[in-house]
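K.L.:
Next comes the sequence, and after it the predicted model I'd like to discuss.
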Amino acid sequence: MKSQQPTRLTMVGGGSWATALIKILSENNVLIKWWLRSKADADHIRQFHHNKSYLSDVQINPRKVKICTKIRDAFKDSDYIILAVPAAFVGDALGGLEARDFAGKCVISAIKGMIPEKNQLVTDWVSDQYGVPTSRMAVIAGPCHAEEVALEKQSYLTIGSTDLDCADEVAQLLTCRFVQASPLADIYGIEYSAVMKNIIALASGITRGIGYGDNFQAVLVSNAMQEIKRFVDAVYPQHRDLSGSAYLGDLLVTAYSPFSRNRTFGTLIGRGYTIQSAQAEMNMIAEGYYAVKSIHAINRQYKVDMPIVEAVYNVLYERASPVTEMKALQQKLK
Ligand SMILES: NC(=O)C1=CN([C@@H]2O[C@H](COP(=O)(O)OP(=O)(O)OC[C@H]3O[C@@H](n4cnc5c(N)ncnc54)[C@H](OP(=O)(O)O)[C@@H]3O)[C@@H](O)[C@H]2O)C=CC1
Ligand SMILES: O=C(CO)COP(=O)(O)O
């Protein structure tokens, strides 16, 4: 960062992605207020300078990061707010805040999920709830797993906003020794695509868990890309190149990486775990589990042909057998 004054920023969330983003941002000239809901985790970070529950090897620099457990205090004096809790819990995390708490701030969603009860994108929900103008909203897209950031493996981010200047500001904050971030003017396309790729990663995991091989996976993922294109073009038509990293790249990393929460959750389901036992096995959240219900509901209006989403929905919400459902899906792929 070139400016002398540090950028003031608030991180909302205490999970793996929030911890990884804190690591990236701490490489730059920023002062971060980090809000966590767990007082025990907050106290531990203050005392030992690492998050014991997620990515515990990441060192937290106390000169750059101030820990908060009161959300209103965390928002004070910050120009940028990054939301990094799973979508289902963002309402709880921001509970008690009002539109005036957001006034003048740039709000960045690092969340790749839908608000479950509303079937809404996070950026739409934040705009509706708190009156943040679309031009002061951005999203952080991958392909990027928190675990690889912790290891300082070279990674790339795409920052989406309707306002390219806003996307560029955020991209500069998130570019460091091991991360290159680029701006892109397709906030909704990126956001929907990130939600969809989590559902596809569930399918990838389910088929892995059942015992399908690489040949099938390649066909699943290439069909998935077409499915994502049909859906995103229907709900938010705009010229976009879905072969870019924020779309195809994120689909690939999530469908293939053993770090993926969604793929791991799907693998457990494919191996015969119940939903409750799969959730209990992981201490992390698979956004696709909630998202598939929202996308399925939204698609009642658009009626896009989405056999993979349909199959995952049937397994997770209609108690269909994963084996039977994936056998039926086999016939629909080309
Ligand atoms: N991890 C990654 O590599 C990436 C994640 N993302 C996105 O980031 C977002 C956050 O995911 P991630 O950090 O991985 O999540 P994790 O599963 O690592 O962490 C879950 C977070 O949610 C909080 N939480 C759990 N239950 C509740 C609840 N009932 N109410 C309030 N908060 C709760 C946890 O708090 P507590 O610890 O107190 O239980 C914790 O902070 C998701 O949308 C994900 O898709 C995006 C890109 C990469
Ligand atoms: O979005 C991600 C990588 O870009 C993380 O995906 P998972 O939540 O499946 O780990």
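P.N.:
Here it is on my side, so go on. Ligands and ions are numbered 1, 2, ... in the order given.

K.L.:
burial of Asp233, as a residue count?
P.N.:
Neighbour count of Asp233, defined by other CB atoms under 10 Å: 16. Using the backbone N, CA and C atoms, a C-beta is placed for each residue, glycine as well.

K.L.:
quick one, what contacts it?
P.N.:
Listed by CB atoms under 8 Å, 6 or more residues apart in numbering, Asp233 has no contact partners.

K.L.:
Please name the nearest non-neighbouring residue to Cys176.
P.N.:
Glu27 (3.6 Å; CB to CB, 6 or more residues apart in numbering).

K.L.:
who's in contact with the closest residue to ligand 1 within the chain?
P.N.:
Per CB to the nearest ligand atom, Gly15 is where the chain lies closest to ligand 1, at 2.2 Å. Taking CB under 8 Å, 6+ apart as the criterion, Gly15 is in contact with Ser53, Tyr54, Ala84, Val85, Pro86, Met284, Ile285.

K.L.:
sorry, back to before: I figured the residue nearest to Cys176 hits Leu173, correct?
P.N.:
No: contact criterion CB atoms under 8 Å: Glu27 and Leu173 do not qualify, at 10.0 Å.

K.L.:
If you count surrounding residues, which of those two has more?
P.N.:
A count of neighbours by other CB under 10 Å puts Leu173 above the other of Glu27 and Leu173, at 22 against 17.

K.L.:
The more buried one contacts Tyr80, correct?
P.N.:
Yes: counting by CB under 8 Å, Leu173 does reach Tyr80; the two are 7.1 Å apart.

K.L.:
So for the two, which residues contact both of them?
P.N.:
Both Leu173 and Tyr80 are in contact with Thr7, Leu9, where contact means CB under 8 Å, 6+ apart.

K.L.:
re the thing from before, got the phi and psi for the residue nearest to Cys176?
P.N.:
Glu27 has phi and psi values of phi -70, psi -20 when expressed as degrees, to the nearest 10.

K.L.:
next one: the one 4 residues further on
P.N.:
Summarising the backbone geometry of Leu31 under the convention degrees, to the nearest 10, its torsions are phi -120, psi 120.

K.L.:
Can you tell me, leaving aside adjacent residues, what's nearest to the residue in the stretch 1-150 of the chain positioned nearest to ligand 2?
P.N.:
Nearest residue of the stretch 1-150 of the chain to ligand 2 (CB to the nearest ligand atom) works out as Gly142 at 2.7 Å. Closest residue in space to Gly142, ignoring its immediate chain neighbours: Asp250 at 4.4 Å, by CB to CB, 6+ apart.

K.L.:
Could you pick out the residues of the stretch 101-250 of the chain near ligand 2 for me?
P.N.:
Lys112, Gly142, Pro143, Cys144, His145, Asn198, Ala201, Asp250 (CB under 6 Å from any ligand atom).
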